[in-house]
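[1] Quick one, fold the following:
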Amino acid sequence: MVLLGGLKETAMENMGMVLITLAVVAALIVLAFVAQKILKKDEDDRSFKIRYIALVAMLSAISAVLMFFEFPIPFIAPGFYKIDLSEVPVIVGAFAMGPVAGVVIEFIKILLHLFIKGTSSAFVGEFGNFVVGAGFIIPASIMYYAKKTKKRAIAGLITGVITTTTIGCLVNAFILLPFYAAAFGGIDKIIAAGTAVNPMVDSVLVFCLVLVAPFNIIKFGIVSIITVLIYHKISYLFKMGNE
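    Predicted structure coming up:
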């Protein structure tokens, strides 16, 4: 109850960021819904809907737990950038049930993590996590969901890595790094942390290009490889409707 009370207080103090996050979530769900409608992959069967809700809940919970198992890669990015495998259940769900499910799982994952751990970044870090994750999930799942073949899955995952790497650089440059700079003593300290990893870093732009971009390529590359290795083996668990 103390954690929930603190979370509510933080939300009230940072209502602007909360509203921006909710608006972005809604926009991405609408985008995914439109794409799924165009692909004509919706099901109206009651048993489908019950199974859909159950799978979304299960994958969200697994994903939230995986967020706690994170590790840095110091030779690539500063220690405050950490890799976790929480996107694996999200992309599995998106491949099985479509981009809408992927965005919903991504959002519930963040909510569960907030309820369990709270926030230390006034929701800015959670916003960045969601946007970067959705930037991977949406293009990858749209490409695969249109035609479910292994080649399409690999092409979708590669597209997702490229898209989320680009989005990650933009989100870091214009949202995350300015926030952390204001909170932790200025942008010079952030740049110095980057320079300690790679001497080329002398600005926010270079920080994003030589640290953030490779970090996201590695992170989502690992997620993609795991997905390719396991999805076919477990996909029967997620058969929906008349698939």
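[2] tell me the mean pLDDT for the longest helix seen in the chain?
    As assigned by DSSP state H, the longest helix anywhere in the chain is helix 15-39. For helix 15-39, mean pLDDT rounds to 79.
[3] Sort out which residues of the following helix or strand past it are buried, please.
    Once helix 15-39 ends, the next helix or strand along the chain (criterion: DSSP states H and E) is helix 46-66. Buried residues in helix 46-66, counted by 16 or more other CB atoms under 10 Å: 51, 52, 55, 56, 59, 60, 62, 63, 64, 66. C-beta here means a position set from N, CA and C on the backbone, and glycine is covered the same way.
[4] Of those residues, which one scores lowest on pLDDT?
    Least confident of those in the model: residue 51, at 83.
[5] how close does that one sit to residue 93?
    From residue 51 over to residue 93 the distance is 12 Å, taken as CB to CB, to the nearest Å.
[6] and what of residue 75?
    32 Å.
[7] More neighbours: which of the two?
    residue 93 (27 against 7; other CB atoms under 10 Å).
[8] Next, the angle helix 15-39 makes with the helix or strand containing the more buried one.
    Using DSSP H and E, residue 93 sits in helix 87-97. Angle of helix 87-97 versus helix 15-39, following axes from the mean of the first three to the mean of the last three CA atoms, to 10 degrees, is 40 degrees.
[9] what about helix 87-97, average pLDDT?
    Helix 87-97 carries an average pLDDT of 95.
[10] Which SSE is immediately downstream of that helix?
    Using DSSP H and E, the helix or strand that follows helix 87-97 in sequence is helix 99-117.
[11] For that next one, buried residues please.
    Applying a neighbour-count criterion of 16+ other CB under 10 Å, one finds 99-110, 112-114 buried in helix 99-117.
[12] Report the distance from that helix to the chain centre.
    Between the centre of helix 99-117 and the centre of its chain there are 9 Å (CA atoms, centre = their mean, to the nearest Å).
[13] what's the angle from it to helix 87-97?
    Helix 99-117 runs at 150 degrees relative to helix 87-97, counting by the same axes, to 10 degrees.
[14] Just the C-alphas of helix 99-117, formatted as CSV.
    Once non-C-alpha atoms are left out, helix 99-117 reads as follows in CSV (Å, rounded to 0.1, in the frame of the first residue of the first chain):
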residue,chain,number,x,y,z
PRO,A,99,0.2,-6.2,-33.3
VAL,A,100,-2.7,-5.1,-31.0
ALA,A,101,-1.9,-7.9,-28.5
GLY,A,102,1.8,-7.0,-28.7
VAL,A,103,1.2,-3.3,-27.8
VAL,A,104,-1.2,-4.3,-25.0
ILE,A,105,1.2,-6.8,-23.5
GLU,A,106,4.0,-4.2,-23.7
PHE,A,107,1.8,-1.7,-21.8
ILE,A,108,0.6,-4.1,-19.2
LYS,A,109,4.2,-5.2,-18.7
ILE,A,110,5.2,-1.7,-17.8
LEU,A,111,2.2,-1.2,-15.5
LEU,A,112,3.0,-4.4,-13.6
HIS,A,113,6.6,-3.4,-13.2
LEU,A,114,5.5,0.0,-11.9
PHE,A,115,3.1,-1.6,-9.4
ILE,A,116,5.9,-3.9,-8.2
LYS,A,117,8.9,-1.7,-8.2
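[15] Name the surrounding residues that touch that helix.
    Helix 99-117 has contacts (CB atoms under 8 Å, 6 or more residues apart in numbering) with 3-4, 7, 25, 28-29, 32-33, 35-36, 52, 55-57, 59-61, 63-64, 67-68, 86, 89-91, 93-94, 126, 129-130, 133-134, 137-138, 141-142, 145.
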